[in-house]
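> Fold the following, please.
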Amino acid sequence: TSPAPKQWMIAISILIMNTVIDLTVLICLHHRWFDWVYSKPDAMGEDYRIDPWSSQQSTDYQRLIQKFGLEPLDLSSIPNPNALHRRGIIFAHRDLDIILNSIKNKTNFGVLTGLMPSGKMHLGHSMVIEQVKWFQEHGGDVNVAVADLEALATRSKSLTEGRKTAIEEYIINYAALGLNPNSTNVYFQSKRPQVQRLAFTLGRKTNLSEFESIYGFQGETNLAHVQAPLIQAGDILHPQLEEFGGLRPIVVPVGVDQDPHLRLTRGLASKTNWFNIKNRKKGGLNVALSIQDDNSEALGISSNGALISENRNIIFDKIKSIISQVGFADIFPNPKHGTIEIPGATSREKFVLRNELLKLERNLGGMGLMPPCSTYHRFAVGMTGDKMSSSKPETTIFMDDSIDEMSKKVKRAHSGGQATVEEHRRLGGDCSKDVAFQYLEFFFATDDKELEEIRKGYENGKILAGEMKQICIDKATIWLNDLSEKRDEWSGRIDEFLANDSY
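Purely as a prediction, here's the structure:
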């Protein structure tokens, strides 16, 4: 080889190496930029990643709605709204219209909630039960999951300890808060193998990258913690199994910090579906086959990827029959591409059509799972102005606190009043910063008109900060005494709430 070609080869090698280095640097910078943007604080220092296990959460609810694709709650659509609805404490949802349609038409729907048996029940937990009770009063059957496996994985709480805590700290208060045992089933994750089997099956539809994206898991995250969200997905979806009520919409009322679990579960349910229904750009709906390893032959695809026309035509005839029964004759099937266009369909027919296709999927051997619906409530601020936490008694009022303990906490609570009486009379207080007022709004004041009068009196300086705290103490005293009396009434009767497999 002559010297000239050698020089050219060296030059080309150097050019390639430099290009690789440049690309590597760009990729690294991109990932650093992505991480920075994903968890970047805004000008107020707010972090928009929401985490079910974090003690710090964003409270910019409008931003959370936009970032995570939630739907704002329309109060006018809620029949007989409770105080949490009326006061905007329940602020967003996913697919709540499906549940409201079930309420309107008096068709079956379920409610799923859960408890972590690792601490004492406090006021913040009661918001979920108020929502569950509202759904139950409107016809929903209730399943309560005791997350004893998750408590073992993430809190090192033994199954025996978890059971004791669940019964003595939570279920007794659920009864006292008004849940109806006739349509409530409390079960334990560790006692319901169907949940664990479903979680294992759903695990085939996700991977660690998705968990890193949703939960921020990293290399040091223990595998039990990684498994816990899959168990929760099993909890949320299993009430649709035939032995637990069958195919019907399930709603999960939660604080917004729990939305990662709902996003994961909705995604997993959709990935199992054999038939996808999407809105067409030009209007109407589009039904598309979802070819998977376990359904390819039934949907007309051979092991080598070739189209099995006979099988495809059979499945298309079944789909067209369903569409016709729903009420549409103007359809455009494309068996080769596995799609059917329904130009005249609207989003109102989407749920009905999806429900019928899920039934077909089950008849063909599929799972036929409907993505869960959900509602989201705002966080109740802790006594110190931070998040409520069972591990920090000074931040919250526990269900079994004495009146004296509660009074001391309220008197020490963060205030929205001014520094002096004179300033307060002149400038008024700030209800958005006053814990005592917010506890009236979230928990203790049942009358909206009275609450508004208290708000106005505080903001115009007529009600002083100390007086606001005393109003809260008086209302909380009534609330706690009533709860205590009802706990006594239910003592020894908790078995009425337990599912048959909970023993």
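> what ranges do the helices span in the stretch 51-200 of the chain?
Counting by DSSP state H, counting those that start in this stretch, the stretch 51-200 of the chain has helices at residues 61-68, 83-86, 96-105, 123-137, 148-155, 159-165, 172-176, 193-202.
> now these as a markdown table including mean neighbour count, mean pLDDT and distance to A499?
Where C-beta positions appear, they are placed from N, C-alpha and C, glycine not excepted. Rendered in a markdown table, the data for the helices of the stretch 51-200 of the chain read as follows (neighbours: other Cβ atoms under 10 Å; pLDDT from 0 to 100; distance: least, Cβ to Cβ, whole Å):
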| stretch | mean neighbour count | mean pLDDT | distance to A499 |
| --- | --- | --- | --- |
| helix 61-68 | 15 | 85 | 32 |
| helix 83-86 | 18 | 97 | 27 |
| helix 96-105 | 17 | 96 | 22 |
| helix 123-137 | 22 | 96 | 16 |
| helix 148-155 | 22 | 86 | 14 |
| helix 159-165 | 17 | 95 | 13 |
| helix 172-176 | 23 | 98 | 14 |
| helix 193-202 | 18 | 95 | 12 |
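> Adding distance to V251, write the ones you listed out as CSV.
Output for the helices of the stretch 51-200 of the chain, formatted as CSV (distance: least, Cβ to Cβ, whole Å):
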stretch, distance to V251
helix 61-68, 18
helix 83-86, 14
helix 96-105, 5
helix 123-137, 6
helix 148-155, 21
helix 159-165, 25
helix 172-176, 17
helix 193-202, 18
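> Any idea which of these gets closest to E243?
Across these, E243 has its closest neighbour in helix 193-202 (7.1 Å, Cβ to Cβ).
> Can you tell me which helices and strands whichever helix or strand comes after the closest one packs against?
Using DSSP states H and E, the next helix or strand after helix 193-202 towards the C-terminus is helix 208-215. Contacts defined by 3 or more Cβ pairs under 8 Å, 6 or more residues apart in numbering; DSSP states H and E place helix 208-215 against helix 223-237, helix 259-272.
> Which of the ones you listed has the lowest mean pLDDT?
When the helices and strands packed on helix 208-215 are compared by mean pLDDT, helix 223-237 comes last with a mean of 90.
> Contacts for that one, please.
Contact with helix 223-237 is made by 112, 114, 145, 147, 149-150, 152-154, 189, 194-200, 202-203, 206, 208, 211, 214-215, 217, 250, 252, 260-262, 264-265, 268-269, 369, 372, as judged by Cβ atoms under 8 Å, 6 or more residues apart in numbering.
> tell me the angle it makes with helix 208-215.
Angle of helix 223-237 versus helix 208-215, following axes from the mean of the first three to the mean of the last three Cα atoms, to 10 degrees, is 80 degrees.
> any idea which helix or strand comes after helix 223-237?
Defined by DSSP H and E, the subsequent element after helix 223-237 is strand 250-255.
> starting at the chain centroid, how far to that next one?
Strand 250-255 sits 5 Å away from the centroid of its parent chain (Cα atoms, centre = their mean, to the nearest Å).
> neighbouring strands for it, and are they parallel or not?
strand 110-115 (parallel), strand 373-377 (parallel) (DSSP bridges).
> if we can go back for a sec, can I get the helices and strands packed on helix 208-215 in JSON lines with distance to W490?
Output for these, formatted as JSON lines (distance: least, Cβ to Cβ, whole Å):
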{"stretch": "helix 223-237", "distance to W490": "24"}
{"stretch": "helix 259-272", "distance to W490": "29"}
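> With mean neighbour count and distance to M399 as new columns, can those be given to me in a markdown table?
Shown next, in a markdown table, are the helices and strands packed on helix 208-215 (neighbours: other Cβ atoms under 10 Å; distance: least, Cβ to Cβ, whole Å):
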| stretch | mean neighbour count | distance to M399 |
| --- | --- | --- |
| helix 223-237 | 22 | 23 |
| helix 259-272 | 21 | 24 |
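> sorry, back to before: how about the helices of the stretch 51-200 of the chain, which one is nearest K408?
Nearest to K408 among those is helix 123-137 (15.4 Å), distances taken as Cβ to Cβ.
> Contacts for that closest one next, please.
Contacts to helix 123-137, defined as Cβ under 8 Å, 6+ apart, come from residues 82-85, 89-90, 99, 109, 111, 113, 115, 142, 170, 173-174, 177-180, 183-184, 251, 253-255, 375, 377, 379-380, 388, 396-399, 439, 442-443.
> Stretch 279-286 too?
277-278, 339-347, 349-350, 353.
> Ok, stretch 479-488 next?
172-173, 175-177, 397, 399-401, 403, 406, 443-444.
> can I assume H337 sits in a strand?
No - H337: not assigned to a strand; according to DSSP: H, G, I helix; E, B strand; the rest coil it is coil.
> Let me know how buried it is, in neighbour terms.
H337 has 9 neighbours, counted by other Cβ atoms under 10 Å.
> Quick check: phi and psi on it?
Per-residue torsions, H337: phi -90, psi 0 (degrees, to the nearest 10).
> what do you get for E220?
The phi/psi pair for E220 (degrees, to the nearest 10) reads phi -90, psi 0.
> Show the pLDDT at it.
The predicted structure scores E220 at 83 on the pLDDT scale.
> which residues sit in contact with K318?
L360.
> Which one of the helices of the stretch 51-200 of the chain lies nearest to D74?
Of all the helices of the stretch 51-200 of the chain, it is helix 96-105 that lies closest to D74, at 8.9 Å by Cβ to Cβ.
> Residues touching that closest one, excluding its own?
71, 73, 77-79, 107-109, 135, 138-140, 248-249, 251, 351, 373-375.
> what's the most buried one of the strands paired with strand 250-255?
Stretch with highest mean neighbour count among the strands paired with strand 250-255: strand 373-377 (a mean of 26; mean count of other Cβ atoms under 10 Å).
> Compute the inter-axis angle for it and helix 123-137.
Going by the same axes, to 10 degrees, strand 373-377 makes 140 degrees with helix 123-137.
> Can I get strand 373-377 in CSV, CA atoms only?
Extracted in CSV, the C-alpha atoms of strand 373-377 (Å, rounded to 0.1, in the frame of the first residue of the first chain):
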residue,chain,number,x,y,z
CYS,A,373,-61.4,5.4,35.9
SER,A,374,-60.1,7.7,38.7
THR,A,375,-60.8,10.9,40.6
TYR,A,376,-58.1,13.1,42.3
HIS,A,377,-58.3,15.3,45.3
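> Let me know the next secondary structure element after that strand.
Next in sequence after strand 373-377, counting helices and strands by DSSP H and E, comes helix 403-412.
> For that following helix, which residues meet the burial criterion?
Neighbour counts over helix 403-412 (16 or more other Cβ atoms under 10 Å) mark M406, S407, K409, V410 as buried.
> ok, the last one touching I473?
Meaning V410. Yes - with contact defined as Cβ atoms under 8 Å, V410 reaches I473; the gap is 5.2 Å.
> returning to that earlier point: adding mean pLDDT, write the strands paired with strand 250-255 out as CSV.
Compiled in CSV, the strands paired with strand 250-255 are given as follows (pLDDT from 0 to 100):
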stretch, mean pLDDT
strand 110-115, 97
strand 373-377, 97
